[in-house]
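S.K.: Dropping a prediction and its sequence here:
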Amino acid sequence: MTTTNDTLRNEIRPIATAVVETLGERWTLEEQDYSTGLTLVNDTGARLFMRINWRDESRVVISGEYPKQPMYTHSPVSHEITVARTKSGKAIAGDILRRLLPEYLTDLRSVQQRIAEREVREVREVEVAKSLEVVPETLRDFGDASRGLHRWELRGVGEFTVILRPEQETVVLKLTDLTPEEAQVVLLALQDNRRAQEFRANMED
């Protein structure tokens, strides 16, 4: 007989409900149709997934969850405990408070801080990118602005790359195969569009 997700959730529901009642009003239960268990959610962002152990149905698995992060982000440490299914909700809540939450919450706060810092950095990247819009139309941008990377081509002659590093309040500028005159046009373009156009006009005269 195949055990459905609904059956698994129904089996864990009375245990999870008793645990939440013991942990207090800052905790609630969250349920998703496709899930094999239930999630205990705290108003600080902590999330504990609770399910019956697939290999040993006499035990319950409780694991800490983290907010979604970019794929290339360093993965935080996993935190998980198992407890006897026959334990009371109060006893399981005590195991969670003693064995799971201390280390999990420490790592969760680190993840939340990295996410907040990334959001601030992305806002700063947008601000810096907007400040670079003074670049003349003669320069074609074919970079990846979402990553703070701009690559401009100067009239098909050469390229230069701008890398935004807002956390350091710096912009890295790399020139490739440009003559000194062309490099000066690029620098002037970033500084002041009007001056760059005047410099270009003088060069062409």
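M.R.: Done, it's in.
S.K.: For residue 25, see how far away residue 87 is.
M.R.: 22 Å (CB to CB, to the nearest Å). No exception for glycine: its C-beta is placed from N, CA and C like everyone else's.
S.K.: quick one, domains of this structure?
M.R.: Structural domains annotated on the chain: 5-120, 135-204, as defined by automatic domain parsing.
S.K.: which stretch in those domains has the least confidence?
M.R.: Ranked by mean pLDDT, the domains of the chain bottom out at domain 135-204, with a mean of 59.
S.K.: Would you map the helices across this structure?
M.R.: For the chain, helices defined by DSSP state H occupy the ranges 5-23, 89-95, 101-131, 180-191, 193-204.
S.K.: residues near residue 32, how many?
M.R.: Counted with other CB atoms under 10 Å, residues neighbouring residue 32 total 11.
S.K.: looking at the sheet around the closest residue to it other than its chain neighbours, what are its partners?
M.R.: Using CB to CB, 6 or more residues apart in numbering and skipping residues adjacent in sequence, the residue nearest residue 32 is residue 39, 7.7 Å away. Note on residue 39: beta-bridge partners by DSSP bridges are residue 30, residue 49.
S.K.: and residue 39, what does it touch?
M.R.: Residues near residue 39 by CB atoms under 8 Å, 6 or more residues apart in numbering: 29-32, 47-50, 65.
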